Structures are given as structure tokens and as C-alpha cells.
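Engineer: The following block contains a protein sequence and its predicted model.
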Amino acid sequence: MEALTGILLLCLAVGVYIVCSLYLLQNPCILHKKKQLGFHCRHISHRGGSGEKIENTMEAFKHAVDVGTEMLEMDVYLTLDGCVVVSHDNNLLRETGYDKTISSLRFQDLPLYKERLEVTFYVGHYSTGKDRKFVLLEDVFKEFPKLPMLLEIKENNDLLIQKVSCLVKEYRRESITVWASEESAVMAKCQKQNPSIPYMFTMRRGILLLFLFYTGLLPFFPLGESMLLFYLLRIINRTYIPEESYLKNRFVVCLLQK
């Protein structure tokens, strides 16, 4: 009899937990304060709109704005002479055909982009354009002073993080700029350098987010992040095969879609 009572109480507790979790998941503001971002965007241009023009060029950024983008996403690196440059890769082989790193060259010595650059998410499709020059992050800030931007820091470089933060402060963009990185250690440095800039989920925190969601714990867990970015799921396993092996697994993709 005691065992049966224990089972009934356990089932009741689990049932109450599930109901509370589902209700709070639909009404998160009961436990958490709603985030007040300085912008709202539904259209984000990856690498400045790499599908139409050569990625991360000023021409690509301007074209993305002309067609209505609400945010520019880009990666940044530091040149040998300390300039913050917009580029998806540090090694320039894919982008220019030269097997050199941005960090080993001065800004004025960076080669031009290839005349035809394959679009990562569209196999066999090449972007072209008149503009093939690498651009400084500062010049992008000057050109689009009010446009939200997401800046991904891919290398654990204290000087790079410091210089990006200084540029954001100088151009008064802290409310419309987002820290981004896949690495938790890098993100921690970004937050410490400038905690007033909103930030996105790292890879590790993204996995934690999935765990919290599927265990029902998410409504009870405070989150400091403001954005979550991921691959466009409908093209995974179709036109684009990710380098990460786990993203080729349809079960994993199904979990992420939830």
C-alpha cells in the first residue's frame, strides 16, 4: 500500500511539473523579465548577403540594405598592422586563392577576392561583383550608423576583442551590435570587455538550451543571451552538407527544429 501511495505521489509530482513547465514555457514573463533590445529584425544578411554579391564587401552590404535587410552578420579578424577587417576566414585561400592568413598581412597588402566566389550554402552557385576589396569594420560602421550588426569573434585574441569594443563605443553602437562566438571562452572575454553589448548563444550554451527545453527545465532557467543563430534547417542534408558530422544526422536536425 505504501509503495502504491509513493507511486501515485510521484506521478502527481511529475504531472504538476509537466503542467507548470508547459504553462511557463508559453508565458515566460511570469518568472523572467522581458529583454528590451534596441532593435527588432527578421531579415539577417549572412556575410553581408553572400548569395548575391561577393561576401563581406561594401557592395554586398549596400545591396543587402537596398533589398531590405534589417541586420548585417559578419566575422572580424586583426591584420598584422592592427586593423579590424571583415572576413569570414582568417586563411585567405578560399576567398582569394592565396594561402596566407589575415593576421600575417598588413591591411594594404590584402589581396582581392576572387572574381567568382562559390556560395557556401548553395553548391555550384557563384557570387560576383565589381567590388572585390576587403573592408575595415570601422568603414562599415561609418556607412551604416543605424543598422544593427552581429559581429562574430572567431579567434581567442584579446587585442581584437578590445579593438572591436572600442570601435563599438566610439560609434555609439552598443545597443544595436551583438557579440557572437561559437567558443564559450571567447564569449566570456567579450562580455567582460563590454557587458553592455547584447550577446548570442555559444555552441556549448546552445546544447544546454536544448537540454533544458527537452527536460522541461527551460522556464525555470534564467538566460543572459539575446539571440540564437543556427543553420537554415530546411537546407541541411539537401543543398548544403555541414562540415560538422552531427549536423548530417536527420535525428539531430529534427531535435533542433523543435
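Structural biologist: Sure thing, it's come through.
Engineer: Now the longest helix seen in the chain: average pLDDT?
Structural biologist: Secondary structure assigned by DSSP state H gives helix 2-26 as the longest helix of the chain. Taken as a whole, helix 2-26 carries a mean pLDDT of 85.
Engineer: any idea how far Ser181 is from Lys133?
Structural biologist: 26 Å (C-beta to C-beta, to the nearest Å). Where you see a C-beta, it was placed from the backbone N, CA and C, and this is true even at glycine.
Engineer: which one of the two has more residues nearby?
Structural biologist: Ser181 (24 against 12; other C-beta atoms under 10 Å).
Engineer: low-scoring stretches of the stretch 51-200 of the chain, by residue?
Structural biologist: Within the stretch 51-200 of the chain, no range satisfies pLDDT under 70.
Engineer: And the strands in it?
Structural biologist: 71-78, 84-86, 117-118, 126-127, 135-136, 149-153, 177-180 (DSSP state E, counting those that start in this stretch).
Engineer: For the closest residue to Ile44 other than its chain neighbours, give me its contacts.
Structural biologist: Nearest residue to Ile44, sequence neighbours excluded (C-beta to C-beta, 6 or more residues apart in numbering): Met71, at 4.5 Å. Applying C-beta atoms under 8 Å, 6 or more residues apart in numbering, we find Met71 in contact with 39, 41, 43-45, 147-150.
Engineer: Please apply the same query to Leu37.
Structural biologist: By C-beta under 8 Å, 6+ apart, the contact list for Leu37 reads 175, 198, 226.
Engineer: now, which of these sits nearest Val186?
Structural biologist: Taking C-beta to C-beta as the measure, Val186 lies nearest Pro198 of those, at 15.9 Å.
Engineer: ok, now how distant is the closest one from Met149?
Structural biologist: As for Pro198, its distance to Met149 is 12 Å (criterion: C-beta to C-beta).
Engineer: which helices and strands does the very next helix or strand once past the longest helix of the chain pack with?
Structural biologist: Per DSSP states H and E, helix 2-26 leads on to strand 44-46 as the next helix or strand towards the C-terminus. Applying 3 or more C-beta pairs under 8 Å, 6 or more residues apart in numbering; DSSP states H and E, we find strand 44-46 packed against helix 58-66, strand 71-78.
Engineer: ok, strand 44-46: who's next to it in the sheet?
Structural biologist: Looking at strand 44-46 with DSSP bridges, its partner strands are strand 71-78 (parallel).
Engineer: Just to check, Asn156 is in contact with Val186?
Structural biologist: Yes. If you go by C-beta atoms under 8 Å, Asn156 and Val186 touch, sitting 5.3 Å apart.
Engineer: quick one, which of these two is more surrounded?
Structural biologist: A count of neighbours by other C-beta under 10 Å puts Val186 above the other of Asn156 and Val186, at 22 against 12.
Engineer: and Asn56, what is it in contact with?
Structural biologist: By C-beta under 8 Å, 6+ apart, the contact set of Asn56 is 47-48, 50, 74-75, 86-88, 134-135.
Engineer: will you turn the residues you listed into CSV that also has distance to Tyr126 and neighbour count?
Structural biologist: Formatted as CSV, these follow (distance: C-beta to C-beta, whole Å; neighbours: other C-beta atoms under 10 Å):
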residue, distance to Tyr126, neighbour count
Arg47, 14, 25
Gly48, 16, 28
Ser50, 11, 23
Met74, 20, 23
Asp75, 20, 21
Val86, 20, 26
Ser87, 18, 23
His88, 16, 20
Phe134, 19, 23
Val135, 20, 21
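Engineer: nearest to Tyr17, of these?
Structural biologist: Asp75 (41.5 Å).
Engineer: how near is the closest residue to Ser21 other than its chain neighbours to His32?
Structural biologist: Counting by C-beta to C-beta, 6+ apart, Gly216 is the residue found nearest to Ser21 once chain neighbours are left out, at 3.7 Å. Distance of Gly216 to His32, given as C-beta to C-beta: 16 Å.
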